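Trainee: coords please:
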Amino acid sequence: MRVTESSAGTALDPGQVGTTDVGLVAIKNLNTYGDLHVDINYVTSWFTDLIIPPGGLNVITPNVTNNTNGEGSYQSVPKCKTPQAAGAANRTIDTINSNGTLTFTSGHAPFVHDCLIVKDGGGGSDTSTYIVKLSAADTGILYELDGTTVKDITSGWNNLAHAYTTTLQLTPFVDLRYILTEE
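Mentor: Below is the predicted model of the structure:
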């Protein structure tokens with residue numbers, strides 16, 4: 001499951017488990033970079049109960065039977081979100097290498113996180129969506145959407161020599177895997 005929501009979160013789908021029968025929930029953050037925030041018992045507004053770091057796994061029991069604050073019934077399954085802003089437009093890059101390494105113009109990589117990236121202006125013909133794993137300030141590695149195949153975009157984003165004319169849209173995300181059990 002991929003979560004790009006940064007405000008109210010995205011509820012995990014309980015599948016065929018009844019909403020009153022949710023038992024344990026195991027959640028694993030599959031990202032290389034970027035935390036996953038979890039609200040275990042969402043009511044009407046977001047509260048981060050748990051932060052799962054990249055590669056981390058946590059097992060929780062949602063509190064769905066007790067309503068002590070008078071705000072209505074609890075969410076039957078946890079909600080998850082990325083802690084980063086929903087996106088960053090008009091980011092530019094200084095260098096593109098055939099090994100997938102990108103160097104953003106100073107200050108243009110707004111966070112250390114895995115992001116969806118797409119060209120939104122400037123030179124170059126490639127308008128496909130890719131994944132960039134922002135590993136340090138202003139650097140990242142570009143991948144196909146599978147997250148494992150490195151992408152050589154040197155010819156698609158204005159032939160390397162004019163990379164600075166290509167502007168990009170970044171959308172942070174968290175990939176996660178979860179197992180939801182029945183009580």
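
Trainee: residue ranges with poor pLDDT in this structure?
Mentor: Along the chain, segments meeting pLDDT under 70 span 19-20, 63-77, 84-89, 107-111, 121-125, 137, 155-166.

Trainee: for G100, give me phi and psi.
Mentor: phi 90, psi -10 (degrees, to the nearest 10).

Trainee: contacting residues for it?
Mentor: 141-143, 150-153 (Cβ atoms under 8 Å, 6 or more residues apart in numbering). For the C-beta atoms, the positions are set from N, CA and C on the backbone; glycine is no exception.

Trainee: next, the spatially closest residue to it that is not a sequence neighbour: phi, psi?
Mentor: Nearest non-adjacent residue to G100, counting by Cβ to Cβ, 6 or more residues apart in numbering: V150, 3.8 Å away. With angles defined as degrees, to the nearest 10, V150 sits at phi -70, psi 140.

Trainee: also L50?
Mentor: Backbone torsions for L50, taken as degrees, to the nearest 10, come to phi -150, psi 140.

Trainee: right, and D175 touches N31 too?
Mentor: Yes - D175 lies in contact with N31 (Cβ atoms under 8 Å); the separation is 5.9 Å.

Trainee: neighbouring strands for the host helix or strand of L24, and are they parallel or not?
Mentor: Taking DSSP states H and E as the criterion, L24 maps to strand 22-29. Paired with strand 22-29 in the same sheet, following DSSP bridges, are strand 57-60 (antiparallel), strand 174-182 (antiparallel).

Trainee: save those as TSV, and put in mean neighbour count too.
Mentor: Formatted as TSV, these follow (neighbours: other Cβ atoms under 10 Å):
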stretch	mean neighbour count
strand 57-60	14
strand 174-182	16
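
Trainee: for T105, find the nearest of these.
Mentor: Closest approach to T105 among the strands paired with strand 22-29 (Cβ to Cβ): strand 174-182, 25.5 Å.

Trainee: E183: neighbour count?
Mentor: Neighbour count of E183, defined by other Cβ atoms under 10 Å: 12.

Trainee: and for V3?
Mentor: 20.

Trainee: for it, give its distance to P83.
Mentor: As judged by Cβ to Cβ, to the nearest Å, V3 and P83 stand 11 Å apart.

Trainee: how many neighbouring residues does T95 have?
Mentor: 14.

Trainee: torsion angles phi and psi at it?
Mentor: Dihedral angles for T95 - degrees, to the nearest 10 - are phi -140, psi 150.

Trainee: is it correct that it is in contact with T103?
Mentor: Yes - with contact defined as Cβ under 8 Å, T95 counts as touching T103 (4.4 Å).

Trainee: for the protein, what spans make up the strands?
Mentor: 2-3, 10-11, 22-29, 36-39, 50-52, 57-60, 79-81, 88-96, 101-104, 114-121, 129-136, 139-143, 167-172, 174-182 (DSSP state E).
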